[in-house]
Structure formats: C-alpha cells, structure tokens
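[1] Attaching a predicted model along with its sequence, questions to come.
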Amino acid sequence: MEKLSVLKDYFGFTSFRVGQEELIDNILNGRDTLGIMPTGAGKSLCFQLPALMFDGITLVISPLISLMKDQVSSLTQAGISAAYINSSLNHSQYIKALQNAKDGKYKIIYVAPERLSTEEFIFFTQNAKISMVTIDESHCVSQWGQDFRPSYLKIPQFICGLADRPVVTAFTATATPQVRDDIIDKLNLEEPYILTTGFDRKNLYFSVQKPKDKLAALKEYIERNKTKCGIIYCSTRKTVDEVCSNLIKSGFAAAPYHAGLSEGERRYNQDSFIYDKSNIMVATNAFGMGIDKSNVSYVIHYNMPKNIESYYQEAGRAGRDGEPAECLLFYGGQDVVINQLLIDNSNGNEQLDRDAIEAIKEKDRELLKIMTFYCHTNDCLREYILGYFGEKTSNYCGNCSSCNTNFEEEDVTIEAQKIMSCIKRVGQRFGIKMIVDILRGSKNQRIIKNNLHQISTYGVMSDVPESKVRDIINFLVLQGCLEITNSEYPVVQLAKKAGEVLFDDCKISMKVQKHYKENDKPSKTKTKTKQLDRNINEELFEKLRLLRSKIAQEQRVPAYIVFADAALKDMCIKMPKDSDEFLQVTGVGQVKLERYGQAFLEEINSFRS
C-alpha cells in the first residue's frame, strides 16, 4: 500500500494537513514520535494511517470510553477493522474481543490504560505482533498537565513486557514545554521525532465578556444561535443544574453532564448531544475529552476555568470541522474565588505524597493567576494564549474581542496612585472588592466598623464607575504594580513596580474601550465564510443533512461519523453527477462511496432535476 492511496481510499482526502506527512513518514521509518497538534488538526490520522500500513496490530491507549467508541465507529465506517477494550464491555464481550484480536480480525485496538495490567490482555499482547503503541492524550502522563492520570505511568512497564519493542508514538493537543519534556521522560520515548505544528486555531473567535447578568447574556446568545450546536462549561455541578434547568424552561434543547449524575444518566445525556437530540450540552470539565463531534459551533465558559491549558482544550471542542466557531468566556469576580476554593480543597492523588500535592497546588495557583490575567487583558487574546504555549505571533489577529474593539490610550497615573495609596494605608490586608468600596466611598458596615471611612483615600474615586476602578486594579496587577496573594481569601498588595508609580513619576497608561467595531470590520475568517456560503444552496444542504440523519439513525451512529458538515457543503458546491465525481468530495473514500454514494447522488440528481 502507498500512503496517498490509503489516505484517499480510507479517509477520503487527497492531501495531508500541516505536519501530518512528516509525522507519518517518521513513524513508518520506525522512529518514536511525539506530535503536538491543536484540536481539529488531524492527530488521529497520523497514527491510524501508519497502523494500516504496518504488518501487525496497533494499540491505541486512550483515557476515555467515549473517545474510543467515537474513534472505532469512525474507523468502522471507513472500512477499517477496529475494536475497543475497556470497562464498558462485560466479561464475555471482553473475552470475545480478545479472541477476535488473536484471530487477526483487528488492525487497530483502542484500550484503556487500566486494562494493560490484566492477565488476559498481557497474555494476548505477548503472543501477538504489536507493531505500534500509540498513547493518545499523552499529556495525561504528566502531573503538570491538566488531566494527570496515574495509570498512564504504567505504560512504559507494559511496553517493556512485550516480546519486541514496537514503535511508540504519543499525541496531544496542548502541552507546555514542561509537559512535553515530561511526556518524553515518563513514556521513555527513544530519540523521538518531535513536531509541534503550532497551537493556533484560526477559525476560532475568542471573546471575554463581563456581563452583569450571565444567565441573561447566555440566553440572548443562544437565542441568536438557535440552530447551532454548543457546549456551555460551568465550574460546579450546582451551576450546571441551575443553568441547564433555566435553559430548558426557556425552551432550549439542553442536557446536563457532571460527575454527580449516574453513569446511565451521563451516557444518555451525552448520546442525546452527540446524536443531535439536544443541541446544547451544559457540563463541568468532566465532559469533553475525546468527544469528536465536529459540528460544535460555539463553546461558552459560564465560569472562568482554572488554567489556560484547560480553557484552550475545552474551547477547542468548537469548530473541529474547520468552520468558523466562537469561544466565549463570561468572567465574574466570584470565578476566581470558586477556583481558589477548588484548588485549596483538592486532596490530590492518593499515589502522591503530601509535598508533591502541595507543589501541584502551588503550581495551580500560579496557573489560575495567568488565567485571570487573560480575562483582564485588552491585548490580543489569541496572542496571549499562544504566548502561554511558547509560540510567538502577531499582537493583532483580527479575530478576537480585543482586536475587534476600538481602544484608546488613557493616562491613569493619578488613579493608579490613589489605588496604591489606599492599599498601603489599609495595611495591604483586604481584597479587591473592599479596596474598590473604600475608594468609592461605600458606607457598608464593614468599612464603618473598621473606621476605614476615616482614612484619607476614602471616597477619592467616588466619581469613577466601579467597573473602571476594577479594570485599573486588574491592569496594575498585569503591569506588576500590584499582586494578589495565593490565599483562601486573596488580598491585593503592592508589588515591586508600585514604588516607581508612587515616588518616581512613572506614568501609567492603559487601553480604554471606546466602542465595538466588530460589525464595521469583519474578520478575514468571517468574510471568507460568507463568500463560501453563497455557493451553497441551503435547500440542498438541508436535504442532504436529513438524508445523513436518516442513515445515521438506521446505523445507530452519530450523524457526523457518516459525513461531516464540511463534506455535505462540498457536495453542494461540486454537485457530483456520478461515482467518479462523488469521489472528489472531501471526506469521501472508496468505502463511503460504496456505502452511501448512490443515496446521496440520487438526492443531488433529484434536486438538480
């Protein structure tokens, strides 16, 4: 087999995406490989294609049942023999799957890391030809990653127990340099070929909003995007239940997902979302890793997540099909407090000692600060995210709320001096809210009781809106003039640069929003999409979508596994008349042509006539 033939016949593509061919070539040459590619960049193909070209079996170690089920369904639809082995199988199903594997019926087997140590599985692998072991979501091996799983640490021991060492490959979407080094070290990769294709997802629009009423803002957004599919992330189970209940009462098709639900409820709600019965999933971070649903048009974080890695991975579940999608973050001051409490109350993993747990907590607090800064910066949001992962980029992307907002520079030196003077006069012992209240002359009981209404800075900013005082304080934190303590009740204190502003005549200027210009100057991505949509007949697209849905229901698979929206749109543009032309549609390989070509061609030809 030749790799381009495999690419077209099984996966329906005529060319590789950025980085895919390099990774595949190194794997086929027998070299250990680490691929760091953003969600939606085609990581799976980088190990699935070589798996078809190797003589033996490829084991894909994956952390989630839903991920395995999705991947195996997609492979089966493409005519590739694959299976998964995890806790969702009963004992007889497990033994049957192993027997089929022994009989050589599978080229690719997805397996949960916990299954690697079972007697039956070890016996099977020691007597089978294992050509490659792929570790998917490989950041789970690092305690510095956001999804650390101790079971991943046992993978090297399993590989050492095989008769012959296979090619070992690892893939992840998000990894800082520290996590990347940890993956190489913990998985014992031997002189690996390492490729980071870049973390940028150009089709994603990033926005931070600070609505006074989050629920009202959420409903307004969903109402404007009624026909679209989206995920709403909340920080706690309680918030998930409250938001989901509210949306359902308002007539939206929403389903909840969190660890407090039974396994059956979670599975039912997840299937409802994947099979398009509910177009909104309201969830904690327990939902999402490995969900391959391609038509998610927006991801809204109702609460700020705990770190940039979690945020970018969760936000990246939007726009997997390459179509423009939105990633909105609704920030509120309480989000910081909730995350701080979640960190402080975390017991860590029982396999780690107390010092290691405390080190992780301290790291988590630092990461929370970086996430908080993201919510307050007026600079390019995409640049901020990519800079976190060590990728340099332009400070203007044209596709985020900061770049599409009209700012002007304003001198806030006097305001900054008033704020820092107030913090100093109260002994650097209060949080932001208290400082704001003192500066604006609030008469709340706590201020009066502590005689804070008698200090010279009381009420000196009474004419400045509360939101602006907060913005200046957060800007001063970003500039290193102030700092927030890592304590259960965070306190705002003076930092090193404070003296320069207070005593050395250092000027402070910050960007202040004038008005939004987003509608005046649409981003390149959005303009391009509008031009593309002019070539798509909405009536035909809807007919093809209904046909896809009917086939998916009959086969009991998600609709996007039959064909992604991008394939349907390409059909609308190319309007194929026969099998040869249908093969030119993106995402159509030989197997899908044989399975679905006639039905879709009949629908297209019927529409044409």
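    Thanks, I have the structure now. Numbers count the residues shown, from 1 in each chain.

[2] for the chain, what are the low-confidence residue spans?
    144-146, 288-292, 347-352, 487-488, 514-535 (pLDDT under 70).

[3] And the lengthiest helix in it, what does it pack against?
    The longest helix of the chain (DSSP state H) is helix 354-376. Using 3 or more Cβ pairs under 8 Å, 6 or more residues apart in numbering; DSSP states H and E, the elements in contact with helix 354-376 are helix 308-315, helix 333-344, helix 381-388, helix 466-478. In short, each C-beta sits where N, CA and C put it, glycine included.

[4] residues touching the residue nearest to residue 485 when sequence neighbours are not counted, list them.
    Distances taken as Cβ to Cβ, 6 or more residues apart in numbering place residue 491 nearest to residue 485, at 4.6 Å, with adjacent residues excluded. Residues in contact with residue 491 (Cβ atoms under 8 Å, 6 or more residues apart in numbering) are 428-431, 484-485.

[5] Out of the residues you listed, which end up buried?
    430-431, 484 (16 or more other Cβ atoms under 10 Å).

[6] returning to that earlier point: helix 333-344 and the longest helix of the chain, what's the angle between them?
    Note on geometry: by axes from the mean of the first three to the mean of the last three Cα atoms, to 10 degrees, helix 354-376 and helix 333-344 are set 170 degrees apart in direction.

[7] Tell me what angle helix 354-376 forms with helix 381-388.
    Between the axes of helix 354-376 and helix 381-388, defined by the same axes, to 10 degrees, the angle is 160 degrees.

[8] Export helix 354-376 to PDB, keeping only CA atoms.
    Only the C-alpha atoms of helix 354-376 are listed here, as PDB (Å, rounded to 0.1, in the frame of the first residue of the first chain):
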ATOM      1  CA  ARG A 354       2.000  15.500  50.700                       C
ATOM      2  CA  ASP A 355       4.900  17.500  49.400                       C
ATOM      3  CA  ALA A 356       4.000  16.600  45.800                       C
ATOM      4  CA  ILE A 357       0.400  17.500  46.300                       C
ATOM      5  CA  GLU A 358       1.300  20.900  47.800                       C
ATOM      6  CA  ALA A 359       3.700  21.600  44.900                       C
ATOM      7  CA  ILE A 360       0.900  20.900  42.500                       C
ATOM      8  CA  LYS A 361      -1.500  23.200  44.400                       C
ATOM      9  CA  GLU A 362       1.100  26.000  44.300                       C
ATOM     10  CA  LYS A 363       1.500  25.500  40.600                       C
ATOM     11  CA  ASP A 364      -2.300  25.500  40.200                       C
ATOM     12  CA  ARG A 365      -2.500  28.900  42.000                       C
ATOM     13  CA  GLU A 366       0.100  30.400  39.600                       C
ATOM     14  CA  LEU A 367      -1.800  29.000  36.600                       C
ATOM     15  CA  LEU A 368      -5.000  30.500  38.000                       C
ATOM     16  CA  LYS A 369      -3.400  33.900  38.100                       C
ATOM     17  CA  ILE A 370      -2.300  33.600  34.400                       C
ATOM     18  CA  MET A 371      -5.900  32.600  33.500                       C
ATOM     19  CA  THR A 372      -7.300  35.600  35.400                       C
ATOM     20  CA  PHE A 373      -4.900  37.900  33.600                       C
ATOM     21  CA  TYR A 374      -6.300  36.500  30.300                       C
ATOM     22  CA  CYS A 375      -9.800  37.700  31.400                       C
ATOM     23  CA  HIS A 376      -8.500  41.300  32.000                       C
END
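
[9] buried residues in it?
    357, 360, 364-365, 367-369, 371-376.

[10] Am I right that residue 194 falls within a helix?
    No - applying DSSP: H, G, I helix; E, B strand; the rest coil, one finds residue 194 to be strand, outside a helix.

[11] which residues sit in contact with it?
    Residues in contact with residue 194 (Cβ under 8 Å, 6+ apart) are 33-34, 36, 180, 184.

[12] Kindly report the same for residue 387.
    Neighbours of residue 387 in contact, by Cβ under 8 Å, 6+ apart: residue 393.

[13] try 10 Å this time
    Residues in contact with residue 387, defined by Cβ atoms under 10 Å, 6 or more residues apart in numbering, are 199, 308, 379-380, 393, 395.

[14] Show the residue spans covered by the helices in the stretch 1-150 of the chain.
    Assigned by DSSP state H, counting those that start in this stretch, the stretch 1-150 of the chain shows helices spanning 3-11, 20-28, 43-53, 65-77, 91-102, 119-126.

[15] May I have stretch 263-275 as PDB, with CA atoms only?
    Output of stretch 263-275 as PDB, limited to C-alpha atoms (Å, rounded to 0.1, in the frame of the first residue of the first chain):
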ATOM      1  CA  GLU A 263     -23.400   6.600  34.800                       C
ATOM      2  CA  GLY A 264     -26.600   5.900  32.900                       C
ATOM      3  CA  GLU A 265     -27.700   9.500  33.000                       C
ATOM      4  CA  ARG A 266     -24.400  10.700  31.800                       C
ATOM      5  CA  ARG A 267     -24.400   8.200  28.900                       C
ATOM      6  CA  TYR A 268     -27.900   9.100  27.900                       C
ATOM      7  CA  ASN A 269     -27.300  12.900  28.000                       C
ATOM      8  CA  GLN A 270     -24.000  12.500  26.100                       C
ATOM      9  CA  ASP A 271     -25.700  10.400  23.400                       C
ATOM     10  CA  SER A 272     -28.500  12.900  23.200                       C
ATOM     11  CA  PHE A 273     -26.000  15.600  22.400                       C
ATOM     12  CA  ILE A 274     -23.800  13.500  20.100                       C
ATOM     13  CA  TYR A 275     -26.900  12.300  18.100                       C
END
